[in-house]
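Colleague: Just need the structure, nothing else, for what follows:
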Amino acid sequence: QVQLAESGGGLVQAGGSLRLSCAASGRTSSTYHMGWFRQAPGKEREFVAAISWSGGSTRYADSVKGRFTISRDNAKNTVYLQMNSLKPEDTAVYYCAAVNPMTSVPPTNVYEYVYWGQGTQVTVSS
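Modeller: Sure, this is the predicted structure:
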């Protein structure tokens, strides 16, 4: 069992930056693939970024590629999402999630992730 807690959300103007953190506790969290997802009002939860348990493989949604960077510090049991050049359409609740690795590449499908945090709100004003 892994417990996840997001932090770092807030209100930012378009073009600004935020860094989200996801602190993991419980079973050895460094052995899990980790992902960030987001959900805007009235929309389905969508994939944002994912990182393999080793940090050696990362994946991004096309909508955030080049603007967001996912990273992890296994010594601190923490995953980060650095978000730059934010746009109003990035406004959503952001969730981190974890899954036991089945392959070396982290999944992008929301239904493959087992453990979820409570989410943190990111609001980008125009």
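Colleague: So which residues of the protein form strands?
Modeller: For the chain, the strands defined by DSSP state E cover 2-7, 10-13, 18-26, 33-39, 46-51, 58-60, 68-73, 78-83, 92-99, 115-116, 120-125.
Colleague: got CSV for the ones you listed, with mean pLDDT too?
Modeller: Shown next, in CSV, are the strands of the chain (pLDDT from 0 to 100):
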stretch, mean pLDDT
strand 2-7, 96
strand 10-13, 98
strand 18-26, 95
strand 33-39, 98
strand 46-51, 98
strand 58-60, 98
strand 68-73, 97
strand 78-83, 97
strand 92-99, 97
strand 115-116, 96
strand 120-125, 98
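Colleague: Turn those strands into CSV, including mean neighbour count.
Modeller: C-beta: built from backbone N, CA, C; applies to glycine. Shown next, in CSV, are the strands of the chain (neighbours: other CB atoms under 10 Å):
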stretch, mean neighbour count
strand 2-7, 18
strand 10-13, 13
strand 18-26, 18
strand 33-39, 24
strand 46-51, 22
strand 58-60, 17
strand 68-73, 18
strand 78-83, 22
strand 92-99, 23
strand 115-116, 18
strand 120-125, 17
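Colleague: Could you give the number of residues near Pro88?
Modeller: Counted by other CB atoms under 10 Å, the residues lying close to Pro88 total 11.
Colleague: Does it touch Ser125 like I think?
Modeller: Yes - if you go by CB atoms under 8 Å, Pro88 and Ser125 touch, sitting 7.0 Å apart.
Colleague: what is in contact with these two at once?
Modeller: Between them, Pro88 and Ser125 share these contacting residues under CB atoms under 8 Å, 6 or more residues apart in numbering: Ala14.
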